[in-house]
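**Student:** Sequence first, then the predicted structure, then my questions.
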Amino acid sequence: MNVYMLEEVIAAGEDSLTDIPLQELTKDDVIILNYTSGTTGPPKGVKVSAYKAIMGCVTTQYVCKITHEDVFISYLPSPHVFDQIVFGLVLMHGARVGYFHGDTAALTDDCQVLKPTIFPSVPRLLNKLY
């Protein structure tokens, strides 16, 4: 994206803000409609509220010291709520996001390229990598 195109995008975003009155989110406002794969039943849309997603992310920042030098490797499906929360937290602090190439068996190859400093995981995956 060249600078001229970026300026157009920013201007369009600023122009659109004047048409929509901004309101504070409440704990009941839905900000994400997250579609499940149907692991425990039929696929469905799950409502994620602002309080659970955003405030969970904001309160985590006091536990994690994330800076613009950090790199988060994203290997969960993008609609996965955990991936979205970590993604939001990382962006809030100006850190970078790298995506794995799609094969968890080769996740270590992606780690060698991306050199992540943030790798949220579960024991099952860590055992597999080990």
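**Tutor:** Looks like it arrived, so ask away.
**Student:** following the lengthiest helix in the chain, which helix or strand comes up?
**Tutor:** What stands out as the longest helix in the chain, according to DSSP state H, is helix 3-17. Using DSSP states H and E, the next helix or strand after helix 3-17 towards the C-terminus is strand 30-35.
**Student:** gap between Asp110 and Arg96?
**Tutor:** Remark: distance between Asp110 and Arg96 (CB to CB, to the nearest Å) = 14 Å. Placement of C-beta: from N, CA and C, glycine included.
**Student:** what does Tyr35 give?
**Tutor:** Tyr35 is 27 Å from Arg96, by CB to CB.
**Student:** More neighbours: the two, which one.
**Tutor:** Each of Tyr35 and Arg96 has its neighbours counted (other CB atoms under 10 Å); Arg96 has more, 16 against 12.
**Student:** so the more buried one makes contact with Thr67?
**Tutor:** No. With contact defined as CB atoms under 8 Å, Arg96 does not reach Thr67; the gap is 10.6 Å.
**Student:** Many thanks, I have nothing further to ask.
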